[in-house]
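*Asks:* any chance you could fold what I've pasted below:
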Amino acid sequence: MSILTGTIEKIIFRNDNDYYTVALLSSESDGLLTVTGNLYKVNTGDRLELEGSFYEHPKYGTQFKIKNFKTILPETTDKIEHYLASNLLKGVGSHLAKRIAQKFGADTFDILDNNIEALKNIKGIGKKRFDQISSNWEKLKESREAVFFLQSIGLSTSQAIKVYDLYGKTAKNKIEKNPYQLIDDIDGIGFKTADKLAFNLGFSYDAGIRIKAAIEFKLKELGNEGHVCFPKNKLIMQCSGMLKINPDEIEFALDSLLEERRLKSTFSEKYNDNCIYLYNMFLAEVIISNKIKSMTRALPVFDMPNVRLEVNNIINNSDLNLSGQQINALKATLKSNLLVITGGPGTGKTTLIKYLIDIYKELNFDIALCAPTGRAAKRMSLTTNFEAKTIHRLLEYSPHDGSFNKNSENLLDADLVIVDEASMLDMILFYRLLDALKENTVLILVGDVDQIPPIGPGNILKDIISSHIVETLIFNKIFRQAEGSQIILNAHKINNGKLPDLISSEEDDFIYIRSTNEERTVNTILKLCGEYLPSKFGFNPFDDVQVLSPMYKGKSGVTNLNSKLQYKLNGEGEFIEGTSGKFKTGDKVMQIVNNYDKDVFNGDIGKLINYDRNSQQLIIDFYGRPVKYDLPEIDEITLAYAISIHKSQGSEYPVVIIPILKSHSIMLQRKLLYTAITRGKQKVYLIGEEDSIKRAVNNTKPDDRKTLLSDRLADKISDTF
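*Replies:* Numbering: from 1, shown residues only. Sure thing, here's the model as predicted:
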């Protein structure tokens, strides 16, 4: 870290939302240079002390990246005049600024802070003008003091600005009272950051507020790993290790949280312990259980003569060549208000959805198709020729306040809802969907339960199936048109615990390339993407080819592969710096957070087609639609020449390339390999060691997500809220 002192000569760019700024600074030690970072309410002419680091921009040379800053108020009359005349203090123009500076000189800021009534003696300041200046100065002083205080206890400038924007003038009092509430209120602030602030403010290591915050944070962390609840004794030991505090003190704080109804405890025979929930997760699980039971016990909605007739017409149409499993599924819609259809690729799930649409559209029922992600919804639309939405879009999610317009008080107007890629449903999203369904809405969940579980907490599809209370149809017959696909046949082999056929030719759709060396594997991937696939088969490496790696780290991990592929496929151009990497115009990129304002979702893949340095704006093409990004929003994207297998859920690509090596051992499981292979439509290249492939196929270690939904559905647990 370095310290710079200097004057802002020019503001090149500023984002008014987060105050990210690119400016020219006349430094007292390094001359004129470009500085970048969050500069809160700073204007041309302001003198600053900056903390940060130098870096070399490939085109524009030495620049300074700001971590923190503070304003140095001017001391001479002419500089005070210039400061007051800036746009910072509304109500004071150039003439009035000159009169104030000449009247009070070096004492001006002391007068504004401690005796602002003295301004009334200056010509041109009447009551209305005085009230305006006084109010604006108080707000300016208050905001700067709050931001400087937050910086002084350990927050970065950008974090301090977020906190002040949320809390306003109460920021200092709120943080001094409970710094741990920042974990819930501010994105990007976790327990470690809040804990550092607390220690800087004088909190003790065994403070009750600290222990409670740690317990709730740990449960949220476990939720990110897929757990809905967690056994009490294991939770206590994990928190004890995290805080280096006696387990008895953890248990005391946990009991207090239970009394405050911030947590909930449920005894589980399965875990032989009380399982602890965050209260909102407990409510979601209980409500889901109650809703599913209600749907399964209700009279069948579609059990009507006209519906039966239409279903039988489809079944008896010999030209359709329906499988027995598809016929059973069509009949099941007549007797079940909640239906699960699961099966692997090539077993006719998508075709069944088309038949269902035909039947119920013909009968003028309102149909809604949806999927958990934008990619899955787009694919569903393409394969069915019927509009599909993300579940968030279907429920009219508002990103500004996190609410859903469609809910128990404003129900979804649909007679039939079909959810594709249901293996990706997590606890909260499924709760939101059920909350918005009418009593007489029929729900059909379609997915592949053998794929990797959802990223969020819970394992909805697996839990519903294992409860045995919901009508479930398993599709396992491969249709004749899919029998010629080695991709589909090998996927089913893997799912059944058998090695895929590793003997192949270049014309096959499933190709194994033996490689025992990470560097050789990476070079093979580069050659496939950059030379062989485009020249031999005409595949576009940007649009048609997707590399899927089990891990981010390592030579054959996502991060290194992206760097190598970027250089191979898009070597020319100026780098654009972002915290998630370096980008160039022409790069293949992926959105990594949901942005509902831009209508771009986590996992959407696009191409960076333009960067305007003057306006500090990027344009990314997503599926033929250009989307504008301000430079700070570059943190919402990452390179996407290679992505993780988890990120590929719900997507299909013409060509998939999968490295499988010893270095990936910690991640190699049957579900992961099966999921990766089923992403490919026309070609799958499996590159690596046969032993590693065997390891993946044979590793059926269950995803031990702590959830009691299956037990609740089976009436093994009866507690309610």
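
*Asks:* chain center to the helix-or-strand element of the chain with minimal mean pLDDT, what's the gap?
*Replies:* Least confident helix or strand of the chain, by mean pLDDT, DSSP states H and E, is strand 576-578 with a mean of 76. Taking C-alpha atoms, centre = their mean, to the nearest Å, one finds strand 576-578 lying 20 Å from the centre of the chain it belongs to.

*Asks:* any residues touching the following helix or strand past that strand, and which ones?
*Replies:* Counting by DSSP states H and E, the element after strand 576-578 in chain order, helix or strand, is strand 581-583. Applying C-beta atoms under 8 Å, 6 or more residues apart in numbering, the contact partners of strand 581-583 are Asn562, Phe575, Ile576, Val589, Leu608, Ile634, Ile637, Thr638, Leu639. All C-beta spots, glycine's among them, are computed from the backbone N, C-alpha and C.

*Asks:* strand 581-583: partners in the sheet, and parallel or antiparallel?
*Replies:* With DSSP bridges as the test, strand 581-583 is paired with strand 576-578 (antiparallel).

*Asks:* just to revisit the earlier point, what's the closest of the contacts of strand 581-583 to Gln151?
*Replies:* Ile634 (24.0 Å; C-beta to C-beta).

*Asks:* contact partners for the closest residue to the closest one other than its chain neighbours?
*Replies:* With C-beta to C-beta, 6 or more residues apart in numbering as the criterion, Ile634 has its nearest non-adjacent residue at 3.8 Å, and that residue is Gly578. Residues in contact with Gly578 (C-beta under 8 Å, 6+ apart) are Ile634, Asp635, Ile637.

*Asks:* Ala376 too?
*Replies:* Asp420, Glu421, Met424, Gln649, Gly650, Ser651.

*Asks:* can you check Leu24 too?
*Replies:* Leu24 touches Ile8, Glu9, Lys10, Ile12, Leu32, Leu33, Thr34, Val35, counting by C-beta under 8 Å, 6+ apart.

*Asks:* with respect to Gln63, which of those residues is nearest?
*Replies:* The closest of the contacts of Leu24, once distances to Gln63 are taken by C-beta to C-beta, is Thr34, at 4.6 Å.

*Asks:* how far away is the residue nearest to Ile634 from Ala23?
*Replies:* Counting by C-beta to C-beta, to the nearest Å, the gap between Gly578 and Ala23 amounts to 19 Å.

*Asks:* do the same with Asn602
*Replies:* In terms of C-beta to C-beta, Asn602 sits 33 Å off from Ala23.

*Asks:* over to Leu673?
*Replies:* Taken as C-beta to C-beta, the span from Leu673 to Ala23 is 50 Å.

*Asks:* the two: who's more crowded?
*Replies:* Leu673 (28 against 24; other C-beta atoms under 10 Å).

*Asks:* give the other helices and strands that the helix or strand containing the more buried one contacts.
*Replies:* Secondary structure from DSSP H and E places Leu673 in helix 670-677. Judged by 3 or more C-beta pairs under 8 Å, 6 or more residues apart in numbering; DSSP states H and E, helix 670-677 is in contact with helix 486-495, strand 653-660, helix 690-698.
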